[in-house]
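Q: heads up, no residue letters with this:
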């Protein structure tokens, strides 16, 4: 293992690897990534694999649109060995009240500013897009045909391999234990395999980002919460788009390989690091899914698991350097949508670290929570 | 053994040659291998392939099978139709 590095990235999920790849692409030498298990072992490979551009805040819309542009080019850009399985069959968002539909219309206005090709749909149009949809209670919806899916394992692998080719060193099964400081400046990262001298650390530790914050005495305004998910057996193509509703509380899509992936957010889920699967979820999930999408009742559940959302008070990530601790950078608090905006997050944070001009105007600093300068993202499951 | 015609994972139709290629890329644990090539992720939930992959990895790593860590065992124990869990479903 190296004993010094220009930048040490803590967290080998899709975000950390996207940051590392982009740092190397910008010519930063000596980048190290630390991952305490295997790559993508945290939230990345536990996520719902969806890619959505239909957001309610400008920042989320911009990051999501630019990230989709990158996903579309990713196979070539990262010279992948395995196709990332990008599928763009859309996201169909369903409204169950006029108030929810009003919110969709507001969101659609924000989205149109950033050339996101989303549109309002009537219940009848929704049924044309997803014929097996049970329309009971649905007053309308929104549809973006270029939203979709990519394989989180293979996107992670693609970034890791591309980063390695550019000289990034990736240490798996290596845990960051502490960060040393001298006169408020970072001097080293202590790992279970030895010490790495550095003055720049990137926190991309997902559900454990607050623990990395503690290492530099920062109390980060994020909390972790279990979100559960299940996958079914493979079946013939039945459903093109992701079907999603915030009020009915569900997301459900068929991945290109054939299985359905689905989840919902439990409003009573406490803050914790618990990633155990529960019977309660299985029962509630199958009820929700089979009611909204009746043909799914004949499909078998094969596996269920859980992962951590790392949630900020405004449901938007923190992508910034900490003013209090120079050299401590963060891409954290993705609130359940880190995978889908990882590509652009990697670009922007690498530009910040390399002191390059930012290719996108971004205001997702840490100070906004103290200033009370929050725009709440309304569209999260 | 003809590794192009030896099936390791029947659900995902993976041959020994395909699995070996993933291992040769440097993946050393079942958790990693299954995420790359879907070994063990089908409806039989790894009932055959997990007992083959641990031998392959043990051979490769010159250790006993017991030293190869099995992936996390996730519920349910076998595939169950959604309707059997959800109970009565409105047919509308």
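A: Right, received. Where do you want to start? The model shown is predicted, which means the values in this text are computed figures rather than measured ones.
Q: which bits of chain B sit near chain A?
A: With Cβ under 8 Å from any Cβ of the partner chain as the criterion, chain B meets chain A at residues B:29, B:31-32, B:35-36, B:38, B:41-43, B:45, B:72, B:74-76, B:79-83, B:85-87, B:89-92. Every residue, glycine included, has its C-beta placed from N, CA and C.
Q: By residue count, which helix of chain A is the longest?
A: Counting by DSSP state H, the longest helix found in chain A is helix A:58-77.
Q: leaving aside the residues next to it on the chain, what's closest to residue A:205?
A: Distance criterion Cβ to Cβ, 6 or more residues apart in numbering or on different chains; nearest residue to residue A:205, sequence neighbours excluded, is residue A:11 at 4.0 Å.
Q: which SSE is the spatially most central residue of chain B in?
A: Among the residues of chain B, the one closest to the centroid is residue B:40, at 1.9 Å (Cα atoms, centre = their mean). According to DSSP states H and E, residue B:40 maps onto no helix or strand at all.
Q: That one touches residue B:32, doesn't it?
A: No - shown here, residue B:40 and residue B:32 do not form a contact pair, counting by Cβ atoms under 8 Å, at 11.9 Å.
Q: picking up where we left off before, which ones are touching the closest residue to the residue nearest to the centre of chain B other than its chain neighbours?
A: Spatial nearest neighbour of residue B:40, excluding adjacent residues (Cβ to Cβ, 6+ apart): residue B:46 at 3.3 Å. Contacts of residue B:46 were listed using Cβ atoms under 8 Å, 6 or more residues apart in numbering or on different chains, and they are B:9, B:34, B:39, B:40, B:71.
Q: ok, back up a step: quick check: the gap between the residue nearest to residue A:205 and residue A:211.
A: Computed as Cβ to Cβ, to the nearest Å, the residue A:11 to residue A:211 distance reads 11 Å.
Q: can you map out the strands along the stretch 251-381 of chain A?
A: A:259-263, A:300-311, A:318-321, A:328-332 (DSSP state E, counting those that start in this stretch).
Q: So what's the gap between the second one and the chain middle?
A: Right, the one you point to is strand A:300-311. 14 Å (Cα atoms, centre = their mean, to the nearest Å).
Q: so, in contact with chain B or not, the longest helix of chain A?
A: No - figure legend: helix A:58-77 not in contact with chain B (Cβ under 8 Å from any Cβ); closest approach 16.0 Å.
Q: Now for the residue in the stretch 1-150 of chain A positioned nearest to chain B: which residues touch it?
A: Nearest to chain B, among the residues of the stretch 1-150 of chain A, is residue A:38, at 4.8 Å (Cβ to the nearest Cβ). The neighbours of residue A:38, taking Cβ under 8 Å, 6+ apart as the test, are A:12, A:172, A:173, B:29, B:31, B:32.
Q: thinking residue A:22 is in contact with residue A:344, fair?
A: No - with contacts counted by Cβ under 8 Å, residue A:22 stays clear of residue A:344, the gap being 9.8 Å.
Q: How are the helices of the stretch 251-381 of chain A distributed by residue range?
A: A:279-292, A:338-353, A:368-371 (DSSP state H, counting those that start in this stretch).
Q: Check which helices and strands the second one sits against.
A: If you count contacts as 3 or more Cβ pairs under 8 Å, 6 or more residues apart in numbering or on different chains; DSSP states H and E, helix A:338-353 packs onto helix A:14-25, strand A:50-51, helix A:58-77, helix A:152-165, strand A:318-321, strand A:328-332.
Q: I'd like to know how many residues surround residue 3.
A: All of this is about chain A. Other residues near residue A:3 come to 10 when the count uses other Cβ atoms under 10 Å in any protein chain shown.
Q: ah, no, chain B please
A: Residue B:3 has 13 neighbours, counted by other Cβ under 10 Å.
Q: go on, residue A:316?
A: When counting by other Cβ under 10 Å, one arrives at 26 neighbours for residue A:316.
Q: Excluding covalently adjacent residues, which one is nearest to residue A:194?
A: In this structure, residue A:194 finds its nearest non-sequential neighbour in residue A:1, 5.5 Å apart by Cβ to Cβ, 6+ apart.
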